[in-house]
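Colleague: Quick one: sequence and predicted model below, then my questions.
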Amino acid sequence: MALHITGDPAADELLSDDAFALLTGMLLDQQVTMESAFAGPVKIRDRVGSIDPAVIADVAPDAFVEAFKQTPAVHRFPGSMAERVQTLAAAVRDEWGGDATAIWTRGEPTGAEVLKRLKALPGFGDQKARIFLALLGKQCGLEAPGWREAAGAYGEEDSYRSVADIVDPESLAKVRATKQAAKAAAKAAKG
């Protein structure tokens with residue numbers, strides 16, 4: 001699996017090779033561009049020295065926030081997002097033995113079970129969990145029965161709704177266009 005989300009080879013390689021990095025990128029994907037969010041894990045690793053959940057969970061919170069604030073910032077909201085990443089890291093460490101892949105592989109779960117597990121993670125609401133499930137299914141080889149149905153519209157083939165559909169610059173442009181159209185429709189509906 002080789003992901004092409006950020007346009008930065010080092011960031012994409014980390015996302016491709018490390019499940020917790022990918023999970024962290026998804027967590028960071030709010031109120032910033034997708035590329036910026038998913039480039040966050042490589043910045044964290046480079047500044048903290050690791051992207052291992054146990055290491056991240058144990059970094060002093062003030063030091064972790066400072067790592068987020070370094071230029072270029074990991075996220076536009078360094079304090080709250082640093083706290084969310086550490087909370088996620090602690091959950092993966094404590095509930096999944098430090099192995100993020102266990103969330104979607106332990107016990108050969110169905111797509112509905114993987115969705116339930118993702119939604120139970122700190123910082124993962126319904127939409128974020130469905131998008132991540134679609135990413136796992138479309139690009140990471142997840143074969144959990146029913147994952148497309150559990151992911152909802154994000155699981156549809158050729159839908160270009162989310163990061164799950166980004167494989168190159170052309171698909172990124174299609175996802176951006178879909179998101180802009182959805183925002184315009186929502187704005188028009190408000191009147």
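Modeller: That came in fine, so what should we check first?
Colleague: pLDDT score for the residue lying farthest from the centre of the chain?
Modeller: Distance from the C-alpha centroid of the chain, by Cα atoms, centre = their mean, peaks at residue 191 (32.5 Å). Reported pLDDT at residue 191 in the predicted model: 75.
Colleague: residue contacts, residue 77?
Modeller: residue 31 (Cβ atoms under 8 Å, 6 or more residues apart in numbering). In this view, the C-beta of every residue, glycine as well, is placed from N, C-alpha and C.
Colleague: Please tell me how far the residue nearest to residue 150 when sequence neighbours are not counted sits from residue 6.
Modeller: Nearest residue to residue 150, sequence neighbours excluded (Cβ to Cβ, 6 or more residues apart in numbering): residue 111, at 3.6 Å. Note on residue 111: its distance to residue 6, by Cβ to Cβ, to the nearest Å, is 26 Å.
Colleague: any idea how far the residue nearest to residue 150 lies from residue 130?
Modeller: Counting by Cβ to Cβ, the gap from residue 111 to residue 130 is 10 Å.
Colleague: who touches both of those two?
Modeller: What both residue 111 and residue 130 touch, as defined by Cβ under 8 Å, 6+ apart, is the set 150-151.
Colleague: Taking the centroid of the chain, which residue is nearest it?
Modeller: residue 26 (1.4 Å).
Colleague: in what helix or strand does it lie?
Modeller: helix 19-28 (DSSP states H and E).
Colleague: repeat for residue 148
Modeller: Using DSSP H and E, residue 148 maps to helix 147-151.
Colleague: and if you look at residue 80?
Modeller: helix 78-96.
Colleague: now for that helix, which elements pack on it?
Modeller: When contacts are defined as 3 or more Cβ pairs under 8 Å, 6 or more residues apart in numbering; DSSP states H and E, helix 78-96 packs onto helix 19-28, helix 53-58, helix 61-69, helix 102-105.
Colleague: Please work out which residues outside it touch it.
Modeller: So helix 78-96 is contacted by 20, 23-24, 27-28, 44, 53-54, 56-57, 59, 61, 64-65, 67-69, 74-75, 98-100, 102-103, 106, 121-123 (Cβ under 8 Å, 6+ apart).
Colleague: Nothing else from me, thank you.
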